[in-house]
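*Asks:* Have a look at this prediction, sequence included:
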Amino acid sequence: MSGAPTTLAGTQVIGGVGGTTFGTLSSIGSDLSVSVSFNIANELLEAAHDEQLAADELISLVLGFAIICTAVQSRLNKALEDRRKSAIAAARKRAQVEVLAVKQKLGPEIGLLFNEGFMQAAEQAAVNELATKRSGLDFLALVVNILQRILVAISVQLLAASVRAQQQSRLVRTVSLIGLAIFFVFVESLTNRHV
């Protein structure tokens, strides 16, 4: 469950101080997530045992909360994308007005030189300005994303604990745990895939 790569204006940063620092922090975050989620899952299993709640019910509760967080995260991401598109549209509209004024002053032939490049520069400036201005919506999206990742990690740990508790054969447990790991890695790779 490592984070997304560092991006600079939409381009992945692989080397350098930022890329190395991000990679190190991402690795620490992943290791921390696994160890903390393991302990949280054990605490939840003990609490469920005390409350006479079956492990399957606990797993379904945690997965349910993870699904709810995923839906909220999707809604927040859409709101952030709509805000971005709105800022780009406003910048494009302002740029069109300015290009029209240049065309009227300099003539249509010279004004064509300013048309597309000026609009793209205005759009990029609007996106850069939006990236420097963070809002409560950005913070909420970050918190929900963290919560969703933690809940999924806890769900994985609960499922693994359930497999270990229910299967008597070591071979069956091992194959089941490998299948569980493959399933979640496959699901994560599908969710991180961009078309």
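*Replies:* Now that the structure is in, tell me what you want to look at.
*Asks:* only C-alpha atoms for contact and neighbour calcs from this point on.
*Replies:* Will do.
*Asks:* For the helix or strand containing L100, name the packing helices and strands.
*Replies:* Per DSSP states H and E: L100 is located in helix 55-106. For helix 55-106, the packing partners by 3 or more CA pairs under 8 Å, 6 or more residues apart in numbering; DSSP states H and E come out as helix 16-50, helix 108-132, helix 136-166.
*Asks:* and the ones you listed, which one's lowest on average pLDDT?
*Replies:* Among the helices and strands packed on helix 55-106, helix 108-132 carries the lowest mean pLDDT, a mean of 69.
*Asks:* most centrally placed residue in this protein?
*Replies:* What sits nearest the mean C-alpha location of the chain, by CA atoms, centre = their mean, is N145, with 6.0 Å.
*Asks:* Report the separation between it and S74.
*Replies:* Separation of N145 from S74 (CA to CA, to the nearest Å): 10 Å.
*Asks:* same check, this time on K103
*Replies:* Distance, K103 to S74, by CA to CA: 43 Å.
*Asks:* ok so, going back, name the nearest residue to the residue nearest to the centre of the chain, sequence neighbours excluded.
*Replies:* Q73 (6.3 Å; CA to CA, 6 or more residues apart in numbering).
*Asks:* now swap in F65 and tell me
*Replies:* Per CA to CA, 6+ apart, closest to F65 is L151, 7.3 Å.
*Asks:* check contacts around that neighbour.
*Replies:* Residues counted as contacts of L151 (CA atoms under 8 Å, 6 or more residues apart in numbering) are V62, L63, F65, A66.
*Asks:* Ignoring the adjacent residues along the chain, who's closest to N77?
*Replies:* Excluding the flanking residues, the one nearest N77 by CA to CA, 6+ apart is A141, at 7.1 Å.
*Asks:* from what I can see the one you found touches A71, true?
*Replies:* No: A141 lies out of contact with A71 (CA atoms under 8 Å); the separation is 11.4 Å.
*Asks:* Which one of those two is surrounded by more residues?
*Replies:* A141 (19 against 14; other CA atoms under 10 Å).
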